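Novice: Provided below are the primary sequence and the corresponding predicted coordinates.
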Amino acid sequence: MQQNGKNLSEKRRRKLRLLRESINQLLNVWTKIVSVHLQRARQSRATVSKKCLCQKQATGYRVTKKGGRVYSRSIANRWCVTYDSIEIIPVGKFIDGESPPLEDLREFMELYLGGKCKAKIMKVVPLKNVATSGLHNDKQLLCKDALDYLKKLKTGRTAFARIIVTMQDLTPGEGWNFVYGQASLSEGVGVFSFARYSPKFWSLHNDITLTTEEQRALLKKSLRTMVHETGHILGMKHCIYYHCCMNGNNGDEKVPFSLCPICLQKLHIATKCDVVSRYEKLGKFYRKHGFEEESMFIAKRLSLLGYNQNLDQKF
């Protein structure tokens, strides 16, 4: 009897020892798994911190992390090799001679952003498809309707932003008379109206024909509004340092096309554009469309950069 009891106790001890060994093995495996995850998390945080520090040193702006993505106060981390196009969606009627040519809008967007950016004109969308809440005061498109429409669209795989351009007057709603445009950095969308730049908007007679000079002025103002609002999508806020295209304005014709040194550096960081090549291509576009003041600015800027060749030949 004593021998049987002794054998039973030894079996129990053996089972308990095996159980403890199994538990210890599981704990060791779990500890290794946890340590690997913690190490990866520390490496990820270190990478983000290094990236934030580099951007802060490059731009001089505070960088924050939100939702697993890094944002800076002025530069959005949207641009990479994959996302290199912007989609331009016309809404409503664009009548030849009464609206800015869509091809000119597309070309200027590419030249202004520089780098490898591609601007694409999408299919014209009827106004009723966008104005789901109806027209405010029977004549103004609500910004919310336009931005909501863009957010629901299935975009191309290379698009970093989508914008609506329209000849319909625009408003955020009650308490606002109108706005020329509105854009969202976090969503990568924007809507811009060129309606108030047309003499027909202010005329009591809708059958007037725009002169060549009026068409040129309409195109010029439309281009300036478009690139200003697109700058917001890239993360640039209103410029408070110099006379600059990113200055806050309410249709002020004195606001230039050009970017100040600070905003130009922000654009360069966002798009990796070649500044000299960008100036040369913009100069050619300005000369083509008779924008004399802007063309002279480009010529002086290239001269300061050491490009004293015959500008007629270069452009």
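Specialist: Ah, there it is.
Novice: At which residues are the helices of the stretch 101-250 of the chain located?
Specialist: 102-113, 127-130, 143-152, 199-202, 212-233 (DSSP state H, counting those that start in this stretch).
Novice: will you turn these into TSV that also has mean pLDDT, mean neighbour count and distance to Arg162?
Specialist: Yep, even glycine has a C-beta here, placed from its N, CA and C like the rest. Listed next are the helices of the stretch 101-250 of the chain as TSV, based on pLDDT from 0 to 100; neighbours: other C-beta atoms under 10 Å; distance: least, C-beta to C-beta, whole Å:
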stretch	mean pLDDT	mean neighbour count	distance to Arg162
helix 102-113	95	19	12
helix 127-130	94	15	13
helix 143-152	92	18	5
helix 199-202	85	13	25
helix 212-233	92	20	9
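Novice: looking at those, which is closest to Ile240?
Specialist: Ranking the helices of the stretch 101-250 of the chain by distance to Ile240, with C-beta to C-beta as the measure, places helix 212-233 first at 14.0 Å.
Novice: For the closest one, enumerate the helices and strands it packs against.
Specialist: Here helix 212-233 touches helix 102-113, strand 159-166, strand 181-184, strand 189-193, going by 3 or more C-beta pairs under 8 Å, 6 or more residues apart in numbering; DSSP states H and E.
Novice: Quick one: name whatever helix or strand follows that helix.
Specialist: helix 261-271 (DSSP states H and E).
Novice: mind listing what's buried in that following helix?
Specialist: Judged by neighbour count (16 or more other C-beta atoms under 10 Å), helix 261-271 contains these buried residues: Ile262, Cys263, Leu264, Gln265, Lys266, Leu267, His268, Ile269, Ala270, Thr271.
Novice: And stretch 276-293, by the same measure?
Specialist: Arg278, Tyr279, Glu280, Lys281, Leu282, Gly283, Lys284, Phe285, Tyr286, Arg287, His289, Phe291.
Novice: Turn the helices of the stretch 101-250 of the chain into TSV, including distance to Asn247.
Specialist: Formatted as TSV, the helices of the stretch 101-250 of the chain follow (distance: least, C-beta to C-beta, whole Å):
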stretch	distance to Asn247
helix 102-113	16
helix 127-130	29
helix 143-152	21
helix 199-202	24
helix 212-233	9
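Novice: ok, residues contacting stretch 123-130?
Specialist: Under the criterion C-beta atoms under 8 Å, 6 or more residues apart in numbering, residues 89-94, 141, 145-146, 149, 164, 166, 168 lie in contact with stretch 123-130.
Novice: hmm, back to that, helices - which of the buried residues of stretch 276-293 land there?
Specialist: Among the buried residues of stretch 276-293, the members found in helices (DSSP state H) are Arg278, Tyr279, Glu280, Lys281, Leu282, Gly283, Lys284, Phe285, Tyr286, Arg287.
Novice: now, which of these sits nearest His136?
Specialist: Minimum distance to His136 across those is 35.0 Å, recorded for Phe285 (C-beta to C-beta).
Novice: mind showing which ranges of the chain have poor pLDDT?
Specialist: 1-8, 30, 34, 36-82, 115, 155-156, 204-206, 250-253, 308-315 (pLDDT under 70).
Novice: surely Tyr241 meets Gln265?
Specialist: No - using C-beta atoms under 8 Å, Tyr241 makes no contact with Gln265, being 11.4 Å away.
Novice: Now list whatever residues contact both of these two.
Specialist: Counting by C-beta under 8 Å, 6+ apart, Tyr241 and Gln265 have no contacts in common.
Novice: Just give the number of residues close to Ser198.
Specialist: By the measure other C-beta atoms under 10 Å, the count of residues near Ser198 is 21.
Novice: so how far is Ile95 from it?
Specialist: Distance from Ser198 to Ile95, counting by C-beta to C-beta, to the nearest Å: 10 Å.
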